[in-house]
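**Q** Generate coordinates for the sequence data below:
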Amino acid sequence: MRPERFLIVTADDFGLHEAVNEAVELASRVGTLCTASLMMGAAATEDAVRRARELPGLRVGLHLVLTDGSPVLPPEQISSLVDVHGRFRSRLFTDAARYFLSPRARRQLEAEIRSQFKAFAATGLPLDHVNAHKHFHIHPTVLTLMLRVGREFGLQAVRLPYEPAALLSERTRTTLVDALGAWGIKPWLQLMKRRLQRAGVLCNDQLLGIHHSGAMNETTLLESLQRLPVGVTEIYLHPATQSGASIAQSMSGYRHTDELAALRSPRIRAALAQMRATCGGYGDLVRLRSQRYAA
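**A** Residues are numbered from 1 along each chain as shown. Below is the predicted model:
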């Protein structure tokens, strides 16, 4: 039987930098971090895999990188996806249109997604979940390819990037609702959830950390825990032992060390201990679902 409240605390960008990997290890060892999402083409991926193998309590998933990062395939094989430096472009809406309109881009996108799944499988780590950098799997084409390729590699759980406005402060709530309305994201999230359900792929009910991405300090994380709703909630962070542009140019405003401090905070550990919630990874939920069906 699934618990009333199930909490998944995740670190994204595992493998991006050794300072990120070190933070993941530190937070996992104190017991606050349940999972990490691993980038396969990043500079410190090898170091991340080595650490993950030494952390039996850490569940690891695949963090598909299709924007603002490095591919696994050689750039000449995916020329429609990368810039002159061989990196994925960071123009989400332009890329989204290209994937809709260009069969060539879609073929290359599928090849890159398959290569990232293969690279993860080669680590020997159990696949806990899959999500995408910048939540790019909201894009229907990316989600289609993720599910199609993922079936070959045992995909069972995907992050749903839905952050309910009701779980945020009044000031934040208004800002977020305006932003979501402007970009029309809500219908895509509803479509995404229906597609995951039809595919038999498990997902969370809500996600916390989108609005405060890069700024999940102790106060914000504590407030999130106090607001924890019924259902499966994922809280994601970007901890590291260094902050900002030293991790990545696109993260110049991120306060990575504050997020690590929050994960190591005695107040947070005490709050987790007192909560009426089960903590774990998506794989734990998959096992609970299997046990329920078996019963």
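**Q** show me what contacts the closest residue to Ala215 other than its chain neighbours?
**A** Leaving aside its chain neighbours, Ala215 sits nearest to Arg255 (5.7 Å; criterion: C-beta to C-beta, 6 or more residues apart in numbering). Using the backbone N, CA and C atoms, a C-beta is placed for each residue, glycine as well. Residues in contact with Arg255 (C-beta atoms under 8 Å, 6 or more residues apart in numbering) are Gly214, Ala215, Asn217, Ser243, Gly244.
**Q** Who are the packing partners of the top strand by length along the chain?
**A** The longest strand of the chain (DSSP state E) is strand 5-14. Strand 5-14 makes packing contacts with helix 18-30, strand 35-38, strand 59-64, strand 231-237, strand 278-279 when contacts are defined by 3 or more C-beta pairs under 8 Å, 6 or more residues apart in numbering; DSSP states H and E.
**Q** so how far is stretch 42-51 off the chain centroid?
**A** 17 Å (C-alpha atoms, centre = their mean, to the nearest Å).
**Q** Mind listing the strands the longest strand of the chain pairs with, and their directions?
**A** Applying DSSP bridges to the sheet, strand 5-14 is found paired with strand 35-38 (parallel), strand 231-237 (parallel), strand 278-279 (parallel).
**Q** closest one to Ile185 among the helices and strands packed on strand 5-14?
**A** Nearest to Ile185 among those is strand 231-237 (17.0 Å), distances taken as C-beta to C-beta.
**Q** what sits up against that closest one?
**A** Under the contact criterion C-beta under 8 Å, 6+ apart, strand 231-237 has outside partners 2, 5-12, 37, 159, 203-209, 216, 221, 224-225, 259, 262-263, 285.
**Q** Could you list the alpha-carbon positions for that strand in CSV?
**A** Output of strand 231-237 as CSV, limited to C-alpha atoms (Å, rounded to 0.1, in the frame of the first residue of the first chain):
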residue,chain,number,x,y,z
GLY,A,231,0.6,12.3,-2.5
VAL,A,232,4.0,11.9,-4.1
THR,A,233,6.1,15.1,-3.8
GLU,A,234,9.5,15.6,-5.3
ILE,A,235,11.7,18.5,-4.1
TYR,A,236,14.7,19.1,-6.3
LEU,A,237,17.8,21.2,-5.6
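**Q** Would you mark the buried spots in it?
**A** Buried positions in strand 231-237, judged by neighbour count with 16 or more other C-beta atoms under 10 Å: Val232, Thr233, Glu234, Ile235, Tyr236, Leu237.
**Q** tell me the angle that strand makes with helix 18-30.
**A** 140 degrees (axes from the mean of the first three to the mean of the last three C-alpha atoms, to 10 degrees).
**Q** Show me what the following helix or strand past strand 231-237 packs onto, helices and strands only.
**A** Next along the chain after strand 231-237, taking DSSP states H and E as the criterion, comes helix 256-264. Helix 256-264 sits against helix 18-30, helix 218-226, strand 231-237, with contacts defined as 3+ C-beta pairs under 8 Å, 6+ apart.
**Q** What mean pLDDT does the shortest one get?
**A** Summarised as a single mean, pLDDT over strand 231-237 is 97.
**Q** What of stretch 90-102?
**A** Regarding stretch 90-102, the rounded mean pLDDT is 79.
**Q** Can you give me the buried ones in that stretch?
**A** Leu92, Asp95, Ala96, Arg98, Tyr99.
**Q** What helix or strand is the second one located in?
**A** Asp95 belongs to helix 92-101 when assigned by DSSP H and E.
**Q** Point out the other helices and strands that that helix packs with.
**A** helix 103-123, helix 140-150.
**Q** Give me the contact list for the shortest one.
**A** Contact partners of helix 140-150, identified using C-beta under 8 Å, 6+ apart, comprise 64, 66, 96, 99-100, 106, 109-110, 113-114, 117, 130, 132, 136-137, 155, 158, 188, 191-192, 195-196, 199, 201.
**Q** Also the first one?
**A** Contacts to helix 103-123, defined as C-beta under 8 Å, 6+ apart, come from residues 38, 40-41, 49, 52, 62, 64-66, 71-73, 77-81, 98-99, 127, 141-142, 145-146, 148-150, 152-153.
**Q** pretty sure Tyr162 contacts Lys193?
**A** Yes: assessed by C-beta atoms under 8 Å, Tyr162 is found in contact with Lys193 at 7.5 Å.
**Q** Of these two, which one has the most company?
**A** Counted by other C-beta atoms under 10 Å, Tyr162 and Lys193 do not tie: Tyr162 has more neighbours, with 21 against 16.
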